[in-house]
Every structure is written in structure tokens, then in C-alpha cells.
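Asker: with the sequence up front, the predicted model follows.
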Amino acid sequence: MMYSLYKHIRLVFLVIAINICPELLFSESLCNSIPVCSNSEPMVSISGHDQTIRWGDRFDEHPVKVHSNCNEVELFVNGVSQGVITRNGDDFSITGFQWNVRYNERGTHLKVVARKNDAVVIDKLDINYQTLEWEEPYRLLPEVTEMNNDTATVMVVVLDKNGVLCLDADNIIAYSLIGDGQLINTHGATPYKHEIQPTNGSARIRVKLNGGESMLSVHSEQLPTAFIGVGPDSDDKAKQPEPLGCLSLFKLPSEEDIIQYMNLVADWQLENLPERKQRPGSGYPPYWYDHFDWTNGSFYTGVMAHWRTTGNKKYFDTMLEFAEEVNYQPGTRLLHADDHVIGQTYAEIYMENQDRRVIQPMLDTFDKIMETPHLGREIWDWCDALYMAPPTLVLLSNVTGDDKYIDFMDELWWDATDFLYDTEEKLFYRDNRFVIKEDGTGRREKDGSKVFWSRGNGWVLGGLARVLEYMPVDYHSREKFENLFRDMSARITKLQMPDGMWRSSLLYPEFNEAGESSGTAFFAFSLAWGVNQGLLCEETYMPYILRSWNGLVNNVHPDGKLGWTQQTGFAPDDIHADMSEVYGAGAFLLAGSELVRYVNNTNQSGK
């Protein structure tokens, strides 16, 4: 009994000591002194989940501390293993593990994998690393970052006049609330005074909404008061990506620089189009790889965007020449959406020259298809199809004034979405082979994650952008399309890696160490389009867009070849620097075109 009392007293003193000096938790002697049954549930945790923003010099090394009761722990930094550390002995509880690593100034994704017998446990942490120096605090920026039932969490960041996060700001932030809600005592806040001091330039305030609307104000001495409304719509705000808080980290490129890269990529790809030859049909009869092939057709959507944005007519003339070579024909497979994407280019040519011959074969194709009822899950049963056919149908309604094409698209889109869209993850499965069944069974990645392909979801988000681009503002289901676009945009942005790129496997980024260009380019295009159209918040999304553009231009070879592009396929796959494909170049041109629009709008508004 005395020994049991001694153990309890010792544990009390250990808890007190850890509260006074948290670093003791990583003292091996301390961890090894806590007797816990060796067959307890395996666990692992990265230290610092409440401090995701760090700062220092570019080449500084920083300790990453992990505590776990497992036998071995492996740390990955941006998908690259930093080595395995094995614990000493099996009789102890939580052991401290430590690696010294360099943080990436664009951000760092940490992942630890711990193993104990046959069990594997994982913890992840994203670090935003700042190397820029900041000036005196200039303003406060509040944003809703989390909604849990009826409680909203508001993050308040302290910025200098350039928008750089003031990481050492020690301003006392006073806050108050009017309306239906009530303030919840927040960790780090002074009780009853409603004051809080930021950590690493940010502080969090919690509000109980009570089902109603409230207005939160935040104020600090010599800084202007900032306001934010919180209420039932805060859930939509909380779904948005967390503000990076440091927009000036990502220099806005000039229009000239963007167009220079666009010309470089477009010209190289036009000089290096795939050979026009017969190809196997993958379940269909063999067909000719020609200008109407889906790979070329999707590239041409980017070339046309380049022409519309820059006014460089040589690109329009090239597209017209290609269209005339195949007599404005779609592909040879009547129902296959891949053979309809070329129709987007035909419709955009028609907008310029009003020559009915350009669109008539595509109109005839869809008229014949619509003679027989179809389901989206039958003829658009892979997510790529949502980029290929739907924008073509909307464009045909746009140029003819006949709603039957957009109505057909609307019906099939939502049936395909019901079939392929994961409402929990807000991502699309590529096709039925990857859909997780109701009992949880189905194809998964090595770590148990669902398989969501980057380019597949890029096709969908890009398809949404192009559908909405030409859909009438008063179309009956436009709001439904816009909501899907916003939900996917928020989810996709949260999956961006610190180098600005997306990995080919969205939920298992360790599949590839490097970012994949085609998926990233489609995401960059779609998000930039959303900002330009006012559907996405500029201040929230532009940092993500700009760092994705930086990542993409780093993948452009000196001659204009866009590397790191996954080849044709249906799932995450290997990539390397010399891999290129025409659709990747097309997505790059789409992204560049929207970025040029943004730069022009910014210059005109004097931002």
C-alpha cells in the first residue's frame, strides 16, 4: 500500500513538473520513469499542434519532437523519410523522439508513422514557416476557422502594413460580442476581462452561437478595431482554408512574366504534338489519335483561353487550322465523353467567326445521343468525363440559344455526381473501382486512406469552372453547381502541399515525393477562376493560387516542356521530371490565363 501511495505521489509531482517545464516531457529519463503496462494502446503525437506557424532563417535546423509508446517511429518531411528511431526498452511508457530538420519557407508537412508489434499509428502536422522579417503590428484580421456544433472558433492574426504576420506580437487583444451568442472562456485568455495575448502572431476566440447571429469585435492598443459576423453561416466560412496570413510571401507575378511562360509552354507543346496514328480502343474499336482526341482536345481548351486572354491571334489561327483539318468532327465514339471535349474549341471558334459549319457536326452528335434516354452514371461513369462533355453542352446551348443541351447536361451531371462524389470527403472517386462501399470495404492506399486521384478531381473542378463560365446566371440549378464548386475548392485547397503542388494521391501524399503538374494546374486554374468571378474569397485563396503557380513554373523546362506530368491513366502513378503530356500544358495555359486576368483586375483597381 505504501508503494502504491508512493507511485501516486510521484505521478502528482511529475504532472506539476511538466506543467512548469513542458520540455521535461521529452526527457528520456523522465519518460522512462513512468511505469505503464507495456501492452497499452499504441499512440503517437507530434509536439506543437497548437503552434503551426514558426519562423527563422532559411537554412536553420529545428527540432521536431514526437512522443509515443511504440517500438519505432519514422518521421517524414514533405514525404521524405528522415529516418527511423527505435526506443530503448519495452518497459516504459511515453518516450521522446527527436529529429532536427529544415522547414520549407513555403510550408512543411510533417507525418510520423509509429509501429508497435503489428499495429501502426500516424500523426500529421502542417507547419507554415516564415523567413520574411515583419514590421510593427498594423492591423488585426479575424477569420472563422472552425465550427463544432453550435460553437465557432475565430482566429485573429496580427499583420504588419505589408500583410506579413507579426510572429512576435505581444499585443493584448481585447474582444467583445453583441448579439445572440456568448463568449466561451478560451485557453490563454484573461478570465472575465475578455483579453488574450497572441502566440506566434495569432489567437483563437470561441463563441457559443445559441443558434443566432452575433458580431465579434477585436481591438488592441493603437490598432484599428476589426469586426466579424458569426452565426449559422459561419459553418460555410469555417469550411474555407485557413488564411496563410502572409500574402506578401508570394510575390504577384507581372502580366509579362505570366504570358512569357504561357508562350513558352504553348509553343513547345504545339511543336511536339503526339503522332497522329491509330490507337487501341480500351474496350472500344481502335480509333485514330487526331486533333479530336481527348488529350489534344483538352490541350486546345487552354490554347483558346490563351488567345482570349492575351489576344495573340496566332493561337486562334492554329486552332482554326486544326479544326479544318478534321472537318470540325468529334471523335468516332458516339457516347464517349472523351470524344466530345473537342467541341469546346469548335464552339469557341464559332463565337468568333459565326460559321455554322464549325458546330454542326457536334450538334448532330448530341442530337443523336439525346434520342435515347441515358443516365450520367452510365455514360459519364468516370470523373474525367465531367470536364470533357458537360462544358461542350453548355457552350452549345450558349451559342444556339437552345436549352435542351444544357438541360441534358444538368440531368446527367447530378446523376454522375450521386454515383462518384464522396459527400464526406467532398472529393470525386475516379470510377466505380475506387468507390468505398457502405460496409467500408474497397480499394485504399497503403495507409488506409481512400484513393482520390489529383488529376481526376482536377478534371471535375475544372469542368465545374468551365460549365459555370458559360451557364446563364439565372439557370435554375446554377446555385447547386456553385455550392459544389465552393465545397470542392475549400477541400482541395486544404490538401495542397507546402511546395504549392498537389500530389497525385490527394489523401496519401507520400505516394509521390514530388508534386504532379496536371492536377496542380487544373486546381490553380479553377481556384483563380473562382476568385476572378467572386465565388471564392480573394484574401483566403490567392496565397494558395500564387504558390501553386510558383510550383508549376518551377516544373517548366528551359525549352517550354512542362515536366512532372503523370501519363494517361486512371489512378495515382509514378512521375518524373521529363514526363509531359498535352493536357498538362493545356491546364497550365488555363491557369496562366486566369492569373493574367487577376493581375489586370488588381492593377485596374489599384490594389
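Answerer: Received it, and whenever you're ready, just let me know what you need. Numbering: from 1, shown residues only.
Asker: max-length strand in this structure?
Answerer: Using DSSP state E, we find that the single longest strand of the chain is strand 119-130.
Asker: so which elements touch that one?
Answerer: For strand 119-130, the packing partners by 3 or more Cβ pairs under 8 Å, 6 or more residues apart in numbering; DSSP states H and E come out as strand 44-46, strand 53-55, strand 108-116. All C-beta atoms are positioned from the backbone trio N, CA, C, and that covers glycine.
Asker: what's the single longest helix in the protein?
Answerer: Ordering each helix of the chain by length in residues (DSSP state H) puts helix 582-605 first.
Asker: could you give the average pLDDT over stretch 575-584?
Answerer: Mean pLDDT, stretch 575-584: 96.
Asker: now for the longest helix of the chain, which elements pack on it?
Answerer: When contacts are defined as 3+ Cβ pairs under 8 Å, 6+ apart, helix 582-605 packs onto helix 255-271, helix 294-310, helix 454-470, helix 517-532, helix 538-554.
Asker: and of those helices, who's closest to Glu136?
Answerer: helix 538-554 (21.0 Å; Cβ to Cβ).
Asker: can I get that closest one as PDB, trimmed to CA atoms?
Answerer: The C-alpha coordinates for helix 538-554 follow below in PDB (Å, rounded to 0.1, in the frame of the first residue of the first chain):
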ATOM      1  CA  GLU A 538      -9.500  36.600 -52.700                       C
ATOM      2  CA  GLU A 539      -7.700  37.100 -49.400                       C
ATOM      3  CA  THR A 540      -8.100  33.500 -48.400                       C
ATOM      4  CA  TYR A 541      -7.400  31.700 -51.800                       C
ATOM      5  CA  MET A 542      -4.900  33.900 -53.600                       C
ATOM      6  CA  PRO A 543      -1.900  32.800 -51.500                       C
ATOM      7  CA  TYR A 544      -2.600  29.200 -52.400                       C
ATOM      8  CA  ILE A 545      -3.000  30.100 -56.000                       C
ATOM      9  CA  LEU A 546       0.200  32.000 -56.200                       C
ATOM     10  CA  ARG A 547       2.300  29.400 -54.600                       C
ATOM     11  CA  SER A 548       0.800  26.800 -56.900                       C
ATOM     12  CA  TRP A 549       1.800  29.000 -59.900                       C
ATOM     13  CA  ASN A 550       5.300  29.200 -58.400                       C
ATOM     14  CA  GLY A 551       5.400  25.400 -58.100                       C
ATOM     15  CA  LEU A 552       4.200  25.000 -61.700                       C
ATOM     16  CA  VAL A 553       6.800  27.400 -63.300                       C
ATOM     17  CA  ASN A 554       9.500  25.500 -61.500                       C
END
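Asker: so in this protein, where's the weakest helix or strand by average pLDDT?
Answerer: One helix or strand of the chain scores below all others by mean pLDDT, DSSP states H and E: helix 28-31, with a mean of 40.
Asker: picking that back up, the helices and strands packed on helix 582-605: which one's closest to Thr332?
Answerer: With Cβ to Cβ as the measure, helix 294-310 is the member of those nearest Thr332 (12.0 Å).
Asker: strands along the stretch 1-150 of the chain, start to end?
Answerer: 44-46, 53-55, 61-68, 72-77, 80-86, 95-102, 108-116, 119-130, 139-148 (DSSP state E, counting those that start in this stretch).
Asker: hey, which of the ones you listed is tucked in deepest?
Answerer: Each of those was scored by mean neighbour count; the highest is strand 108-116, a mean of 22, by mean count of other Cβ atoms under 10 Å.
Asker: quick one: contacts for Trp529?
Answerer: The neighbours of Trp529, taking Cβ atoms under 8 Å, 6 or more residues apart in numbering as the test, are 465, 469, 594.
Asker: what is the neighbour count of the first one?
Answerer: What it means is Ala465. 25 (other Cβ atoms under 10 Å).
Asker: make a markdown table from the strands of the stretch 1-150 of the chain and add distance to Leu320 to it.
Answerer: Below are the strands of the stretch 1-150 of the chain laid out as a markdown table (distance: least, Cβ to Cβ, whole Å):
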| stretch | distance to Leu320 |
| --- | --- |
| strand 44-46 | 56 |
| strand 53-55 | 51 |
| strand 61-68 | 56 |
| strand 72-77 | 49 |
| strand 80-86 | 47 |
| strand 95-102 | 51 |
| strand 108-116 | 45 |
| strand 119-130 | 47 |
| strand 139-148 | 47 |
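Asker: please convert these to CSV, extending it with mean pLDDT and distance to Pro224.
Answerer: Listed next are the strands of the stretch 1-150 of the chain as CSV, based on pLDDT from 0 to 100; distance: least, Cβ to Cβ, whole Å:
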stretch, mean pLDDT, distance to Pro224
strand 44-46, 94, 36
strand 53-55, 80, 23
strand 61-68, 93, 34
strand 72-77, 91, 39
strand 80-86, 89, 43
strand 95-102, 89, 37
strand 108-116, 90, 33
strand 119-130, 88, 23
strand 139-148, 86, 6
